[in-house]
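Student: coordinates for the following, if possible.
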Amino acid sequence: MQYVTREGGVLTDRDIEEIAERLERGELPGKWGRILVGRPRISSEQLKLIGVKVPESTVRAFDEKAARNGQTRSQRLRQLIERDLNEDGA
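Tutor: The predicted structure is shown next:
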């Protein structure tokens, strides 16, 4: 008999027997550790969402510039805010 995994792989009865034998010998496949869900934290502080309305064409141009610099919109905005604060010595 064959079994299809969630990822689309195919396992036979023999494959399952081999996996079971390895587990019985204490051989755990893969790497085990703490599973982290979501994106990595960018700060140890609580984050606050800020919003601003600008013309659609400005958003498009801003996103294009961010992409040219290998950044997302959020990354570029954070960089510009930090740069502005550093200029004033805040």
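Student: from here on, contacts and neighbour counts on C-alpha atoms
Tutor: Fine.
Student: how far off centre is stretch 16-35?
Tutor: 26 Å (C-alpha atoms, centre = their mean, to the nearest Å).
Student: mean confidence for it?
Tutor: Averaging pLDDT along stretch 16-35 yields 80.
Student: one more: stretch 41-52?
Tutor: The model assigns stretch 41-52 a mean pLDDT of 89.
Student: flag every buried residue along it.
Tutor: The neighbour-count check on stretch 41-52 (16 or more other C-alpha atoms under 10 Å) flags nothing as buried.
Student: start and end of that stretch, how far apart?
Tutor: The straight-line separation of the ends of stretch 41-52 (C-alpha to C-alpha, to the nearest Å) is 23 Å.
Student: any idea how far it is from the chain center?
Tutor: 17 Å.
Student: what does stretch 66-82 give?
Tutor: That offset, for stretch 66-82, works out to 17 Å (C-alpha atoms, centre = their mean).
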